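# Kindly return the folded structure for what I paste below:
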Amino acid sequence: MESRYNPASLEEKWQQSWTERQLYQTPETRDRPKFYALSMFPYPSGNLHMGHVRVYTITDVIGRLKRMQGYRVLNPMGWDAFGLPAENAAIERGIHPAKWTYQNIAQMKQQLERLGIAFDWTREVATCSPEYYKWTQWIFLQFFNAGLAYQKEAAVNWDPIDQTVLANEQVDNEGRSWRSGAKVERKLLKQWFFKITDYAEQLLNDLDQLTGWPERVKLMQANWIGKSVGAYLEFPIVGSSEKVAVFTTRPDTVYGVTYLVLAPEHPLTRKVTTPDRLAAVESFIEEVSNQSELERTADDKPKRG
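This is a model prediction of the structure:
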């Protein structure tokens, strides 16, 4: 008799059985070693694509292997659903952001369940839920009270359509936003920072404890921490009480300095510009503010200023 594999009926049957038996819930017992398999939570845009399938399948395979090796595996799933993209999507469709977001979560959860990935759905979280973000607010307050959260002005990549800040990785090679396609602007914005520099030395020293990590990855982490040993020098401005602070790893070369350069966004740039050159400087600042970080720092372009 011919035997055929019918995924629509067979997989649904066994997935239902796994759910009823709570097969992928993380055991609470402590008699076995634990393993945490965490994938990046998706933004609930409405449908999965093959990028989602690839990433979560890889984590699923690792988690299943660890279960076979006797580990208690925690493989949770959640939704990166808090922020401006959900609001903009809802505005475009004329519906409330909560309705739009939770509809998408339900749709994508159903798709993930049909894939049969071994998530512990009892640990599901959504970052737009008050039950979740009350804890991110609590954590921020702990940083603030400890003096590790502070505000200052800094230059950012600004998307004029989405009205939001973009990371450098979210700006393409042509200086456009990865989401809206708008030409990204550079602007000064007062924003919050975490004082991770207080932990730079500890982070660097603890890289030695990452046994099994590729050396190139540890080198990337060290470069990201970016520790430099040097000194801050202050250069007085003629005719002004202002000073320009410069960090250098070679303070012994200070006597060879012939000039120093201010970034276009530096708060002193306009102050030190003479009246007869102000219009030209303002025009240059505006031009540069419309360029991405990649355009401004490209090695194959001449330096201007």
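# Can you find the helix or strand in this structure with the smallest mean pLDDT?
Least confident helix or strand, the chain: helix 293-297 with a mean of 71, by mean pLDDT, DSSP states H and E.
# Going along the chain, name the helices of the stretch 201-305 of the chain.
215-225, 269-272, 278-289, 293-297 (DSSP state H, counting those that start in this stretch).
# Quick check: next helix or strand after the helix or strand encompassing Asn157?
Using DSSP states H and E, the element containing Asn157 is strand 149-159. Using DSSP H and E, the helix or strand that follows strand 149-159 in sequence is strand 164-166.
# Can you name the next helix or strand after that next one?
Remark: after strand 164-166, the chain's next helix or strand is strand 185-194, criterion DSSP H and E.
# packing partners for that following strand?
strand 149-159, helix 278-289 (3 or more Cβ pairs under 8 Å, 6 or more residues apart in numbering; DSSP states H and E). (Each C-beta comes from the backbone N, C-alpha and C, glycine too.)
# now for stretch 155-169, what's the gap between its first and last residues?
15 Å (Cα to Cα, to the nearest Å).
# what residue ranges in the stretch 1-150 of the chain score low on pLDDT?
1-2 (pLDDT under 70).
# Break down it into its helices, ranges please.
Going by DSSP H, counting those that start in this stretch, the stretch 1-150 of the chain shows helices at 7-20, 50-68, 84-93, 97-115, 130-145.
# could the ones you listed be laid out in CSV, adding mean neighbour count and distance to Glu286?
Putting the helices of the stretch 1-150 of the chain into CSV (neighbours: other Cβ atoms under 10 Å; distance: least, Cβ to Cβ, whole Å) gives the following:
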stretch, mean neighbour count, distance to Glu286
helix 7-20, 11, 58
helix 50-68, 15, 38
helix 84-93, 15, 25
helix 97-115, 16, 34
helix 130-145, 11, 35
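# quick one: which of those helices is nearest Lys218?
Nearest to Lys218, of all the helices of the stretch 1-150 of the chain, is helix 50-68, at 21.3 Å by Cβ to Cβ.
# what sits up against the closest one?
Helix 50-68 has contacts (Cβ atoms under 8 Å, 6 or more residues apart in numbering) with Phe35, Ala37, Leu38, Ser39, Met40, Pro42, Val73, Asn75, Leu112, Leu115, Ile117, Ala118.
# And those, which of them are buried?
Phe35, Ala37, Ser39, Pro42, Val73, Asn75, Leu112, Ile117, Ala118 (16 or more other Cβ atoms under 10 Å).
# which residues does Asn75 contact?
Tyr24, Ala37, Leu38, Thr59, Asp60, Gly63, Ala118, Phe119, Asp120.
# May I ask which two of the residues you listed are separated the most?
Tyr24 and Leu38 (14.5 Å).
# ok, back up a step: let me have the helices of the stretch 1-150 of the chain in a markdown table, extended by distance to Gln209.
Formatted as a markdown table, the helices of the stretch 1-150 of the chain follow (distance: least, Cβ to Cβ, whole Å):
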| stretch | distance to Gln209 |
| --- | --- |
| helix 7-20 | 37 |
| helix 50-68 | 22 |
| helix 84-93 | 37 |
| helix 97-115 | 34 |
| helix 130-145 | 24 |
